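Student: the following block contains a protein sequence and its predicted model.
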Amino acid sequence: MQAMDESGNWKDVNTVDNLKNKTKASKGGLNSYEQINVIVKKPDGDFETDIRFKLLINAPPDFPMEKYVYSNVFKGKVNKSLIGKK
C-alpha cells in the first residue's frame, strides 16, 4: 500500500497488515481479459490522504526487472508515522 505524503510524493506505508497482504500468483499469469479482485481492510489513522495499492506484476528471476501496476486512488487515513518507514 502507498500513501501520498505532505509533499505530494507516493510513499510505501509499512504496516503488519500490509505484510500480510503480500501474495504470490501462479506463474501462469492472467490473460488480457482477466482481472484480479482484492479485498483489503481500509486503513485508518491520523493523516487523511490519497491511497493506492502497488502490485508487482513480474520479478526476478523470472523476469529481468521488476514492473508494477497501481490501483485506482482513493481517499483514506493512515498513521503518518508509518509513511515511508522501512
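Tutor: In hand now; what should we look at? Numbers count the residues shown, from 1 in each chain.

Student: how close does Asp12 sit to Phe63?
Tutor: Distance, Asp12 to Phe63, by Cβ to Cβ, to the nearest Å: 21 Å. C-beta coordinates here come from the backbone N, C-alpha and C atoms, glycine included.

Student: what does Arg52 give?
Tutor: Distance, Arg52 to Phe63, using Cβ to Cβ: 22 Å.

Student: then Val40?
Tutor: In terms of Cβ to Cβ, Val40 sits 25 Å off from Phe63.

Student: spell out the residue ranges of the helices in this protein.
Tutor: 16-20 (DSSP state H).

Student: so which helix or strand of it has the lowest pLDDT on average?
Tutor: helix 16-20 (a mean of 55; mean pLDDT, DSSP states H and E).

Student: what's the burial count for Lys75?
Tutor: Burial of Lys75 is recorded as 8 neighbouring residues (other Cβ atoms under 10 Å).

Student: what's it in contact with, if anything?
Tutor: Residues near Lys75 by Cβ atoms under 8 Å, 6 or more residues apart in numbering: Glu48, Thr49, Asp50, Ile51.

Student: selecting buried members of these in PyMOL, what would you type?
Tutor: Burial among those is assessed by 16 or more other Cβ atoms under 10 Å; the matching PyMOL selection reads:
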select buried, resi 49+51
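
Student: let me know the closest of the contacts of Lys75 to Glu6.
Tutor: Comparing the contacts of Lys75 against Glu6 with Cβ to Cβ places Thr49 closest, at 8.3 Å.

Student: list the contacts for the closest one?
Tutor: Per Cβ under 8 Å, 6+ apart, neighbours of Thr49: Ala3, Met4, Asp5, Lys75, Gly76, Lys77, Val78.

Student: so where is the protein shaky, pLDDT-wise?
Tutor: Scanning the chain for pLDDT under 70 picks out 15-30, 59-60, 86.

Student: show me where it has strands.
Tutor: Counting by DSSP state E, the segments of the chain that form strands are 2-4, 10-12, 47-52, 54-58, 67-70, 74-78.

Student: single out the most deeply packed of those.
Tutor: strand 2-4 (a mean of 22; mean count of other Cβ atoms under 10 Å).

Student: what separates it from the chain centre, distance-wise?
Tutor: Relative to its parent chain, strand 2-4 has a centroid offset of 9 Å by Cα atoms, centre = their mean, to the nearest Å.
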